[in-house]
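A.B. asks: show me how the following folds:
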Amino acid sequence: MLQEQHGTIKKASSFYENQMLNYLNDKMIDFIVKQGMMFIATADSSGNCDSSFRAGSVGFVRVINDKTLIYPEYKGNGVMASLGNIIENPHIGLMFIDFFEHSIGLHVNGTASIIENGQLASLKMTEKIMNDIKEKEGNRPERWVIIKVDEAYIHCSKHIPKLKQIDKKIYWGTDDEKQKGGDFFKAKQSKKD
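C.D. replies: Now for the predicted structure:
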């Protein structure tokens, strides 16, 4: 056990006891609904990992209850790496980081499933959440990811930088290569036989 090798068992036990929950408390819920971005981690059935970034308007991740979150999947590059992984292996890690106000993070780990837009009404959501989705999302999402929360815990602030947010025009649903970043890393030109 690595904690034993490095003498951190007592420290880790204290963290598990005092910082880790198997649900979202009110402070965590309040934190999530104020976020406009998150990072996700998934893995396929062989354990090959993938991390990705998700963003939307503030509150794009909706808290259905203290054990359930949903977030929209917008039009992307068509690869669907994260969604493909979720089909093979439902374990997911979400990382919310507030770079702008508190410089703090929140880990949420759980299991994920995918639903289509037409299935949203089957979820037990309040009218307030449904109206918020209709008003803010419109027809932008192609589908939704539901997360059943297993763990929620803090990511300490000591190494999180404080950033300044600057408005940027978002081109929702575009296939325009320039707006998507094109071949920024020149991968097409770097292909080896």
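A.B. asks: what's the local residue count around Val61?
C.D. replies: 22 (other C-beta atoms under 10 Å). In short, each C-beta sits where N, CA and C put it, glycine included.
A.B. asks: ok, now Lys75?
C.D. replies: With other C-beta under 10 Å as criterion, Lys75 counts 12.
A.B. asks: one more: Asn131?
C.D. replies: For Asn131, using other C-beta under 10 Å, the count is 11.
A.B. asks: go ahead and report the secondary structure state at it.
C.D. replies: Classification of Asn131 by DSSP: H, G, I helix; E, B strand; the rest coil places it in helix.
A.B. asks: mind listing the strands for this protein?
C.D. replies: Using DSSP state E, the strands of the chain run over 37-43, 49-55, 62-65, 68-74, 91-98, 104-116, 141-155.
A.B. asks: among the ones you listed, which is nearest Ser13?
C.D. replies: strand 141-155 (13.7 Å; C-beta to C-beta).
A.B. asks: show me the shaky parts of this structure.
C.D. replies: For the chain, the stretches with pLDDT under 70 are 172-173, 179-181, 193.
A.B. asks: swap in 90 and give it another go.
C.D. replies: For the chain, the stretches with pLDDT under 90 are 1, 9, 11-19, 75-79, 117-118, 121, 124, 138-139, 156-158, 165-193.
A.B. asks: ok so, going back, distance to Asn18 and mean neighbour count added to the strands of the chain, as CSV?
C.D. replies: Below are the strands of the chain laid out as CSV (distance: least, C-beta to C-beta, whole Å; neighbours: other C-beta atoms under 10 Å):
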stretch, distance to Asn18, mean neighbour count
strand 37-43, 24, 19
strand 49-55, 27, 13
strand 62-65, 23, 17
strand 68-74, 23, 20
strand 91-98, 20, 20
strand 104-116, 15, 17
strand 141-155, 10, 18
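A.B. asks: of all these, which lies closest to Leu21?
C.D. replies: The nearest among these, by C-beta to C-beta, is strand 141-155 at 5.0 Å.
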